[in-house]
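J.: here's my sequence, what's the structure:
(2 chains)
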Amino acid sequence: MKRNGVKMIKINSKNVDVFYGKKQALFNINLDIEENQVTALIGPSGCGKSTFLRCLNRMNDVIDICKVQGQIIINNFDINDKSCDVVRLREKIGMVFQKPNPFPKTIYENVSYGPTIHGMAQSKSEMDEIVETSLKKAALWEEIKDRLHEPGTGLSGGQQQRLCIARAISVKPEVILMDEPCSALDPIATAQIEELIDELKKDHTIIIVTHSMAQAARVSQNTGFFHLGELIEHGSTDKIFKNPENKRTQDYITGRFG
Amino acid sequence: MNKNKEKLLNSRYRTEKRFQFYGKSAIFLALLFLTIFIFKIFSTGYTAFQKTWLIVPVTFDAETMYLDENPSKEDLEDADYFDLALQTMFDLDKSASEKQQNDLKKMVSYFFEREIKRELLNDPSLIGKTKDVYLTASDDLDQVFKGNYPRDLPEDQRRVTDYQLKIFDQLVEQGRVESKFNLSFFTYPDSREAELAGIASSFMGSIFSILVCLVIAFPVAVLAAIYLEEFAPKNRFTDFIEVNINNLAAVPSIVFGLLGLGILLAVFQLPRSTPLVGGITLSLMTLPTIIIACRASLKAVPPSIREAALAMGASRMQTTMHHTVPLSMPGTLSGTIIGLAQALGETAPLILIGMVAFVNTIPGSPLDPAASLPVQIYIWAESAERGFVEKVSACIMVLLGFLILMNLFAQIIRHKFEKKWS
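T.: Next up is the predicted model:
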C-alpha cells in the first residue's frame, strides 16, 4: 500500500541468520514486507522460506536447537529483543499452518479460544459477535452457522483450513503468516482460500509461503525467492515473474529446477 | 525362468502359511493355559460361596442361662450362653460319653454360642421355648458336606471322627443340614476358623491401599510427566532422569517393600501393617508406570495442536493446560488404572511392611491395621486346614474380578474419551 506515494513497510528484517544446531539455515536475509499487501515467499523445498516465516512470530523458539540472529522490526520494535513478549507478539501476528490443525473442540471454541485467552470479549454476546465476524470473514459462516457446537475436526479439509483462518483473524492480528496453506487441499478449496486471502489483505498484512508459482502469481503483490537459505531476489510479483534479474530466479520460475 | 519364479512365489505363500500356523498355535496354547487356570480356580473355589449350616433345636432355658424372671435387654446381653450352647449340642445324642460330647461340641463353629445369643436378642420371647436355630457347621463338616473331604481315610488320619460323621449323617437324613450362600465370606474379617474367615478386612485393606496409592502417585506422576515432557530442557541431565524412571519401573517390587520398611516404618515411624504405609509403598512402585504412560500420551498429542495454540498467543502453560493435557488424559488415566491394578495384585512389598499380620477386625480407615487381598491369599494358602483351600481360590476369584473390572474401566475410558484429530 502506498501512502503519499511512499511504500508503507510493516516488517523490516535486517541481516537475519538462522542456525539449526551447527547448520546454518538462513544467510543474511534482508527483506521488507509491505503493509496490507500479500507477499509470497517461493523457492524449492528446504530453501528456508518456512524458517523465515516462523522467525516472524518467533515460532522457532519452540525448537530447542534453533537460534535466530539479526533484527526483525515490526512497528518500530525488534521482536528478537529480550524485552519482546512472545505472547503479545503472537497476538499481533497470526499464523495458518500447512496442514489444517483445528483444536479437537467445537467450531465455536476454536474461534473463541484466542479472544478468550487475550480477554477480548467482556460478555457472551460480544464473544458470539467476534466468532460470527471471524467466521464470516473466513467465508465459512454460511456453511457452518447451524453447527457451531459440533467438533471442528469433523469439517472437510478446506473448511478446516478456513476455520483455522477464522481462528487466526479472531484476535484481529496485524499480520497473518501462511505456511503453504493450500498444499493439503484440492483445487476448489484452494481457489476459495485464495479468494479469501485477497479479501483479507484489506485489513491484514499477509505473508504466504507457497510451492505453487501459479498461486504466488495469482495472490501476491510482492514475491521473494529463496534458494539454499539465501534470499536471491525480491520485488513486485510482476517483476519477479516477468523480468527477474537473477539467473537462478529465472531458472526456477521457468521450471528448470526445483 | 518362469518356473523358478513360480517356485519362489509358492515358497513365499508357504512361509506365510507356516507363520500363520505358528501364530495360531501360540494363541491356542495361551488360551489353553488360561482356561486350565480359570477352570482350576473356579472348580476349587466355587464351593467357598456356599456355607453349611446345622439346624439344631435350641431350648432357651432361663435356668441354664442363669437368668432371672423378666430379664431386661442388658440382662440378655450379659447372660451366659456357653452352657446353653453346650447343652444344645449334647442334646443331639443324650447317651454320648464325655469324649463323644467333646466331639459333638466340635461339630459346630467355635463361636456358635454367639449365633444362639443373636437369635435370642432378636426375639426375647423365646425364653422357655424351643426353636430350630441355624448354627455354622465346623469347617471340616462343611468340607465333608461339600464332598471335598475324603471320608474313606482311616479315622486316625481324619480330623472328623467316625462318631461325628454318624451324627452328621443322621442330621442330613433328618433334613437338618442346609447349604446357603456364604454371605459371611464377604462380611467377616479373617479368622483362624476357616468357616468364619472372610475377606472383609483384606478387601477393605486393598481398597484403602489403592486409594492412598492413587492419591499420592497420580498427582506426583502427572506433574513430573508434564514437566519433563512439556517444560524441561532436553539435555543430558533430563535424559539421565528419563533412563532412571524407566529403570525404576523394572525394579522388583520387593525392593520397594524394603524401602517402605527402612524409611516409612523405621525412620518416619508410621504405623505398621496399615494401608497408609502399604499405599505409600505401592505408590512408589506405581509412580514410574504412570509417568511413562502420561509421557507417552503427551507425546502422542500431535505437535500441530501445540503449534496452533502457541501461534494464537497462548503461553506455554496455557498450551499445556488447555490443549495438551486434556488430550493426553485418556491415555494417562488408563495407564494409571493399569498401574493401580498392578499395585492391587502386589504381595511382596506389603509382606515386608507388615500387612501380612493376622487381622481379625475390619479396618475403618487407612490408619487401621489391615491385610490386602493378595496377602490374604498368601496367608490362607499357608494354612493347613482343608477349609482354607477353597477360600484361597475364592479370594483369587474376587481379586481377578476386581482386576478385570479395573482393566475394563481403563478400556472404557480410553475408547470413550479419546478424541480423533485429523
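
J.: distance of the nearest residue to B:Pro252 once chain neighbours are set aside from chain A?
T.: Nearest non-adjacent residue to B:Pro252, counting by C-beta to C-beta, 6 or more residues apart in numbering or on different chains: B:Ala348, 7.7 Å away. In short, each C-beta sits where N, CA and C put it, glycine included. Between B:Ala348 and chain A the distance is 42 Å, computed by C-beta to the nearest C-beta, to the nearest Å.

J.: ok, residues contacting the helix or strand harbouring A:Gly94?
T.: A:Gly94 belongs to strand A:93-96 when assigned by DSSP states H and E. Under the contact criterion C-beta atoms under 8 Å, 6 or more residues apart in numbering or on different chains, strand A:93-96 has outside partners A:56-57, A:59, A:74, A:161, A:164-165, A:168-169, A:171, A:173-179, A:181, A:204, B:311-312.

J.: now do the next helix or strand after it, average pLDDT.
T.: Downstream of strand A:93-96, the first helix or strand assigned by DSSP H and E is helix A:107-117. Helix A:107-117 shows an average pLDDT of 94 in the prediction.

J.: tell me which of the contacts of strand A:93-96 fall in helices.
T.: A:Leu56, A:Gln161, A:Cys164, A:Ile165, A:Ala168, A:Ile169, B:Ala311 (DSSP state H).

J.: name only those of the contacts of strand A:93-96 that count as buried.
T.: A:56-57, A:59, A:74, A:161, A:164-165, A:168-169, A:171, A:173-179, A:181, A:204, B:311-312 (16 or more other C-beta atoms under 10 Å in any protein chain shown).

J.: what residues are up against the residue nearest to B:Pro252?
T.: Listed by C-beta under 8 Å, 6+ apart, the contact partners of B:Ala348 are B:Pro252, B:Ser253, B:Ile254, B:Gly257.

J.: sheet partners, orientation included, of the strand holding A:Gly94?
T.: strand A:175-179 (parallel) (DSSP bridges).

J.: gap between the partner strand and the chain center?
T.: From the chain centre to the centre of strand A:175-179 is a distance of 1 Å (C-alpha atoms, centre = their mean, to the nearest Å).

J.: that one: what's the following helix or strand?
T.: Heading C-terminal from strand A:175-179, the first helix or strand you meet, by DSSP H and E, is helix A:187-200.

J.: quick one, that next one and strand A:175-179 angle?
T.: 160 degrees (axes from the mean of the first three to the mean of the last three C-alpha atoms, to 10 degrees).

J.: can you give me the buried ones in stretch A:144-159?
T.: For stretch A:144-159, the neighbour count (16+ other C-beta under 10 Å) marks A:Ile144, A:Leu148, A:Pro151, A:Gly152, A:Thr153, A:Gly154, A:Leu155, A:Gly158, A:Gln159 as buried.

J.: need the residues that contact that stretch.
T.: So stretch A:144-159 is contacted by A:100, A:102-110, A:131-132, A:135, A:140, A:143, A:160, A:163, A:184-186, A:188-190, A:192-193, B:419-422 (C-beta under 8 Å, 6+ apart).

J.: please identify the residues of the stretch 1-150 of chain A in proximity to chain B?
T.: A:57, A:59, A:62, A:64, A:87-91, A:94-95, A:97, A:99-104, A:113-114, A:117-118 (C-beta under 8 Å from any C-beta of the partner chain).
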